[in-house]
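Novice: got a sequence here, can you model it:
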Amino acid sequence: GPIHPELGIAMDMSIQLKSESGAICTLSLSFNNDGPLGTFFRYIGDTGTYIARYDDLFTGKEEPIDVSKVDVSMNGIELQDREFIGAIREGREPNSSVAKVFDCYRVLGELEQQLV
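Specialist: Purely as a prediction, here's the structure:
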């Protein structure tokens with residue numbers, strides 16, 4: 001998207017990727033939001049559309065989906081903390097370690113260079 005005159009960064013982004021298996025992934029983001037921050041995320045897949053609002057999940061037709069039995073808590077911060085402490089206790093790498101995001105950051109860096 002165009003560069004924001006005050007912030008000096010693009011407020012819109014779109015990334016399209018094709019995996020080795022042929023699956024297509026499209027990511028579109030916009031921070032040009034006329035409303036509260038973090039309002040919702042829309043996930044569109046081959047088998048359905050889902051809307052996530054904070055800790056609630058809906059179908060693309062706004063039908064609520066019960067996610068209360070997905071994990072021990074619906075609080076994202078609590079789950080993040082549980083994973084971090086569990087990894088320390090079990091002597092393993094946590095799911096969200098820095099090492100696990102290097103490949104993602106490498107791809108994002110390559111995409112950024114294409115914008116210059």
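
Novice: going forward, measure contacts and count neighbours with C-alpha atoms only.
Specialist: Will do.

Novice: neighbours around residue 69, how many?
Specialist: Neighbour count for residue 69, taken as other Cα atoms under 10 Å: 8.

Novice: and what about it, helix, strand or coil?
Specialist: Assigned by DSSP: H, G, I helix; E, B strand; the rest coil, the conformation of residue 69 is coil.

Novice: can you give the distance from stretch 83-98 to the centre of its chain?
Specialist: 20 Å (Cα atoms, centre = their mean, to the nearest Å).

Novice: likewise for stretch 93-111?
Specialist: 13 Å.

Novice: return it as CSV; C-alpha atoms alone will do.
Specialist: Once non-C-alpha atoms are left out, stretch 93-111 reads as follows in CSV (Å, rounded to 0.1, in the frame of the first residue of the first chain):
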residue,chain,number,x,y,z
GLU,A,93,12.1,-25.4,23.2
PRO,A,94,8.8,-23.4,23.6
ASN,A,95,6.4,-23.3,20.6
SER,A,96,7.1,-19.6,20.1
SER,A,97,10.8,-19.5,20.5
VAL,A,98,13.0,-17.0,18.6
ALA,A,99,14.7,-19.9,16.7
LYS,A,100,11.3,-21.0,15.3
VAL,A,101,10.5,-17.7,13.7
PHE,A,102,13.8,-17.1,12.0
ASP,A,103,12.6,-18.7,8.7
CYS,A,104,9.5,-16.6,8.8
TYR,A,105,11.5,-13.4,9.4
ARG,A,106,13.9,-14.3,6.6
VAL,A,107,10.9,-14.6,4.1
LEU,A,108,9.4,-11.3,5.4
GLY,A,109,12.9,-9.6,5.0
GLU,A,110,13.1,-10.9,1.4
LEU,A,111,9.5,-9.6,0.7
